[in-house]
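Chemist: Attaching a predicted model along with its sequence, questions to come.
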Amino acid sequence: MTAAENVCYTLINVPMDSEPPSEISLKNDLEKGDVKLKTEALKKVIIMILNGEKLPGLLMTIIRFVLPLQDHTIKKLLLVFWEIVPKTTPDGRLLHEMILVCDAYRKDLQHPNEFIRGSTLRFLCKLKEAELLEPLMPAIRACLEHRHSYVRRNAVLAIYTIYRNFEHLIPDAPELIHDFLVNEKDASCKRNAFMMLIHADQDRALDYLSTCIDQVQTFGDILQLVIVELIYKVCHANPSERARFIRCIYNLLQSSSPAVKYEAAGTLVTLSSAPTAIKAAAQCYIDLIIKESDNNVKLIVLDRLIELKEHPAHERVLQDLVMDILRVLSTPDLEVRKKTLQLALDLVSSRNVEELVIVLKKEVIKTNNVSEHEDTDKYRQLLVRTLHSCSVRFPDMAANVIPVLMEFLSDSNEAAAADVLEFVREAIQRFDNLRMLIVEKMLEVFHAIKSVKIYRGALWILGEYCSTKEDIQSVMTEVRRSLGEIPIVESEIKKEAGELKPEEEITVGPVQKLVTEMGTYATQSALSSSRPTKKEEDRPPLRGFLLDGDFFVAASLATTLTKIALRYVALVQEKKKQNSFVAEAMLLMATILHLGKSSLPKKPITDDDVDRISLCLKVLSECSPLMNDIFNKECRQSLSHMLSAKLEEEKLSQKKESEKRNVTVQPDDPISFMQLTAKNEMNCKEDQFQLSLLAAMGNTQRKEAADPLASKLNKVTQLTGFSDPVYAEAYVHVNQYDIVLDVLVVNQTSDTLQNCTLELATLGDLKLVEKPSPLTLAPHDFANIKANVKVASTENGIIFGNIVYDVSGAASDRNCVVLSDIHIDIMDYIQPATCTDAEFRQMWAEFEWENKVTVNTNMIDLNDYLQHILKSTNMKCLTPEKALSGYCGFMAANLYARSIFGEDALANVSIEKPIHQGPDAAVTGHIRIRAKSQGMALSLGDKINLSQKKTSI
């Protein structure tokens, strides 16, 4: 048995650089030293024994010179020493010296000091020798009646462990503890006693609970937790008992302890699916989230609420609690708010959407009033997206939401404003009745827009949806206001030359005397006007964008002016007005072209923008019906197609989600009656307490896949050859941040191998937790060695090493067998995830590490290749299926994944099928991977390269 498999009670940190002392010097210190010296010597002895030294000569020395001492530190150290020291001879019989030790502990169990009594009782829980325990039983029983609770609670634990391991030593333990429990007043003693009865004699525990079921609320939280566990176990083993105890669980939901409330709510949900029970549990969870300050607790409890929602029968109950769930938004943590909004959105229905929208509107307004925090902008974005989704699903709500959100188009945070703009664009296209309202509101906020990207979008919306003469005139007025005085070049040159406008006042400042380098005085008069002090921000917004060299907005403006001019011509019959409006639009475009070609802007206009503006001028000068059609109809149809495709995609994903959640029962499925089910067949009712304990220990029982290749054997790595003297293979078990290597070592020789040690080293972001202990292997014997490795980030790691051993009786040096490398697969840490296009583009621009992988495969179908990459890299394709459907000889797709460490990985697949090489030509192209860390980008690239080479058709 290795150190990893033993139950470890004692962990001692040792500085590794110290020289191990000799047995003689230790013996001398233990015999003749003072208390301090004996304490240090005893510590050294304990460390040496833990490291595998035997030191049999010191046992009698310690019994003679250390055991009689009354010092508390030494007594505590002796308990550790007696726990780890070998107590038997090689043939398994108890050492004679241990009788003396036993007598010393009998005295300690009757010691007047409660600390010594209590710690001795704790030590007895760890003893596995019945011969040592037998003489101590009367003293242990007597400790149950000690005046101090510390002694009594440890006596209960000692009796429980002795009863569990050696029932014959105390056969009446359950009865004894039941009587003790009835008369006991201390909460911790009652808890330990009740815990023992649950595991040793459940009927007695139930009898006790029945007598005091009405007082459960007055018990301490530690006892309440144990009661919840008992009720859970009893009701799952015997469902007919539910009615008897469910009221008790209801009462425990009102407990003052958050832990008890959490466990009681979880138990109530598993015991009853009645709407009242689900509502009570959900309400309890919501209270916990609001009252608990720790964000981790909030997230865990939120996950339980989300699990509740997944059950179709519970969803309707939770819909009534949406307003309570929204109270969680008072938490400042962004992750909690994100999960809460998603949960509320999943639960929204026509009954509660109005209230939900009112709350979200208030939250949006609140974000505008609070002092700027780094998460405020992100939270505002979340709220905007949630309101967007609500309005799309419930169109009646859009009229309430839009006026509030459009105020944020002038927000300095571009991301939040972009989300609002996207929402407004979709709303104006979908809801005809809201067009007038949106256009009116857009004209109100137009002059306040600060971001050029938002400005472009707003121009497009105004150009596309202004349909009345008055609106078109208003748009032109706003554009003129935003552009300032025209022609732009002349007015700017005038300003530069210092020709002052009448409203600019000239001010003469006080005369200032300056001293020159030579010591003489120079007089300077300060003549100033408002022009030089005028900041650049005082320019009209559009003029500012153009002078900064951003002419893409000018191309957008030209398109907008063309659309509204063509529409104005169709609306107004008077030729003079038509010509005047078109001429004004053409003048604006011409002055922008002139500005672009001049030296005034920071960057000159690009050829593309010149082409676009020139095209618009040409369209307006000719006014052909074909162009009118393209500008005023085709553009809107393109948007309509895009929105309908997006809606279809959403509906499809929702349908898939609901299909997953709906439990379908086939006609020939067997019906299971709980009353007729054997206890061992109740596999559907898993023990939640057992599962959570296993999860904490890292032994989560995953359901094995139907495919045998996905089973445990697939993770076994052969480390040595079959002809090596020592054969080794390892099973690699990955559990989140830990990797456990279970190494099977087989002695294939006819010799005894001594000090057989597994020596490991790691490459990459891996860290070996402990050094495996040496073993002795008999001829043709085998053993299992476990080694723990910690993982810190997502990158390919390598574990390498060797096995060294001595052959018994041989005089040669140590033998060594080199092991094959174990490659840790990063796929265990990468999970598919989703993000919006805007987030993808932002991350793509931010991430500095890029790895370009050339496609090298024998696959001939583009879609098959993409599916193969998705499967082998665990990434999710963000490009909609519609965009990938059909066949055109090339394909581009965006992929995204996140690691369990919170690292993002992006990939862009650009592949094509060279048509000139015939129908059987292999796919060619590139995959570009981007990540924040170099290791992630390289590891994913290696994974793709590896999987490409394995592909065979």
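Modeler: That came in fine, so what should we check first? Residues are numbered from 1 along each chain as shown.
Chemist: Could you list the low-confidence segments of the stretch 101-250 of the chain?
Modeler: For the stretch 101-250 of the chain, applying pLDDT under 70 flags no range at all.
Chemist: can you map out the helices along it?
Modeler: 114-124, 130-133, 137-143, 149-165, 173-183, 187-200, 202-211, 221-237, 242-252 (DSSP state H, counting those that start in this stretch).
Chemist: Just grab the bridge partners of residue 787 for me.
Modeler: residue 741 (DSSP bridges).
Chemist: which residues touch it?
Modeler: By Cβ atoms under 8 Å, 6 or more residues apart in numbering, the contact set of residue 787 is 4, 740, 741, 743, 758, 760, 768, 769, 770, 772. Placement of C-beta: from N, CA and C, glycine included.
Chemist: so how far is residue 823 from it?
Modeler: Residue 787 sits 16 Å away from residue 823, going by Cβ to Cβ, to the nearest Å.
Chemist: One more: residue 417?
Modeler: Distance from residue 417 to residue 823, by Cβ to Cβ: 47 Å.
Chemist: any chance of the contacts of residue 787 in CSV, plus secondary structure and pLDDT?
Modeler: Shown next, in CSV, are these (DSSP: H, G, I helix; E, B strand; the rest coil; pLDDT from 0 to 100):
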residue, secondary structure, pLDDT
4, coil, 38
740, strand, 84
741, strand, 86
743, strand, 91
758, strand, 89
760, strand, 88
768, strand, 80
769, coil, 78
770, coil, 77
772, coil, 81
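Chemist: Is it possible to mark the buried ones in these?
Modeler: Burial by neighbour count, judged by 16 or more other Cβ atoms under 10 Å, picks out 4, 740, 741, 743, 758, 760, 768, 772 from the contacts of residue 787.
Chemist: quick revisit: for the contacts of residue 787, work out which two are farthest apart.
Modeler: Spatial extent of the contacts of residue 787 (Cβ to Cβ) is set by the pair 743 and 769 at 14.6 Å.
Chemist: Out of the contacts of residue 787, which is nearest to residue 333?
Modeler: residue 769 (31.5 Å).
Chemist: I'd like the distance between that closest one and residue 542.
Modeler: From residue 769 to residue 542 the distance is 63 Å (Cβ to Cβ).
Chemist: Can you name the residues that contact residue 288?
Modeler: Contacts of residue 288 by Cβ under 8 Å, 6+ apart are 258, 261, 262, 265, 297, 301.
Chemist: where's residue 906, which helix or strand?
Modeler: Counting by DSSP states H and E, the element that carries residue 906 is strand 904-912.
Chemist: Adding distance to residue 444 as columns, could you present the buried ones among the contacts of residue 787 in JSON lines?
Modeler: Converted to JSON lines, those look like this (distance: Cβ to Cβ, whole Å):
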{"residue": "4", "distance to residue 444": "70"}
{"residue": "740", "distance to residue 444": "64"}
{"residue": "741", "distance to residue 444": "67"}
{"residue": "743", "distance to residue 444": "72"}
{"residue": "758", "distance to residue 444": "74"}
{"residue": "760", "distance to residue 444": "69"}
{"residue": "768", "distance to residue 444": "65"}
{"residue": "772", "distance to residue 444": "73"}
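Chemist: what's the closest of the residues you listed to residue 314?
Modeler: Nearest member of those to residue 314, counting by Cβ to Cβ, is residue 740, at 36.4 Å.
Chemist: what residues are up against the nearest residue to the closest one once chain neighbours are set aside?
Modeler: Using Cβ to Cβ, 6 or more residues apart in numbering and skipping residues adjacent in sequence, the residue nearest residue 740 is residue 733, 4.5 Å away. With contact taken as Cβ under 8 Å, 6+ apart, residue 733 is in contact with 715, 739, 740, 741, 742.
Chemist: In contact with the residue lying closest to residue 775 once chain neighbours are set aside, which residues?
Modeler: Nearest-residue entry for residue 775: residue 756, 4.7 Å, with adjacent residues in sequence omitted and distances by Cβ to Cβ, 6+ apart. Residue 756 sits next to 726, 745, 747, 774, 775, 776, 777, 803, 804, 805 when contact means Cβ under 8 Å, 6+ apart.
Chemist: Now render these as CSV, adding secondary structure, neighbour count and distance to residue 204.
Modeler: As requested, the contacts of residue 756 are exported to CSV (DSSP: H, G, I helix; E, B strand; the rest coil; neighbours: other Cβ atoms under 10 Å; distance: Cβ to Cβ, whole Å):
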residue, secondary structure, neighbour count, distance to residue 204
726, strand, 24, 53
745, strand, 25, 47
747, strand, 22, 50
774, coil, 16, 47
775, strand, 21, 45
776, strand, 15, 46
777, strand, 21, 48
803, strand, 26, 52
804, strand, 18, 55
805, strand, 26, 53
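Chemist: Adding distance to residue 349, write those out as TSV.
Modeler: Below are the contacts of residue 756 laid out as TSV (distance: Cβ to Cβ, whole Å):
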residue	distance to residue 349
726	66
745	61
747	68
774	65
775	64
776	69
777	67
803	64
804	68
805	69
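Chemist: Using CSV, lay out those residues together with pLDDT and distance to residue 77.
Modeler: Listed next are these as CSV, based on pLDDT from 0 to 100; distance: Cβ to Cβ, whole Å:
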residue, pLDDT, distance to residue 77
726, 92, 39
745, 92, 35
747, 91, 38
774, 80, 26
775, 81, 29
776, 82, 29
777, 85, 34
803, 91, 35
804, 90, 33
805, 89, 34
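Chemist: of those, closest to residue 456?
Modeler: Taking the contacts of residue 756 together and measuring to residue 456 by Cβ to Cβ, the closest member is residue 803, at 67.3 Å.
Chemist: Quick check: the gap between that closest one and residue 814.
Modeler: 10 Å.
Chemist: Same question for residue 383.
Modeler: Taking Cβ to Cβ, one finds residue 383 at 67 Å from residue 814.
Chemist: Tell me which of these two has more neighbours.
Modeler: residue 383 (26 against 11; other Cβ atoms under 10 Å).
Chemist: and that one, what does it touch?
Modeler: 341, 360, 363, 364, 367.
Chemist: go on, residue 595?
Modeler: Residue 595 touches 488, 489, 492, 546, 547, 601, 605, counting by Cβ under 8 Å, 6+ apart.
Chemist: change it to 6 Å
Modeler: 488, 489 (Cβ atoms under 6 Å, 6 or more residues apart in numbering).
Chemist: isn't there a helix covering it?
Modeler: Yes - Residue 595 sits within a helix when classified using DSSP: H, G, I helix; E, B strand; the rest coil.
Chemist: where does it land on pLDDT?
Modeler: Note for residue 595: predicted pLDDT of 83.
Chemist: before we move on, the earlier item: over the strand holding residue 906, what's the mean pLDDT, rounded is fine.
Modeler: 90.
Chemist: Just want the angle from the helix or strand just after that strand to strand 904-912.
Modeler: Using DSSP H and E, the next helix or strand after strand 904-912 towards the C-terminus is strand 924-931. Put simply, strand 924-931 runs at 170 degrees to strand 904-912, going by axes from the mean of the first three to the mean of the last three Cα atoms, to 10 degrees.
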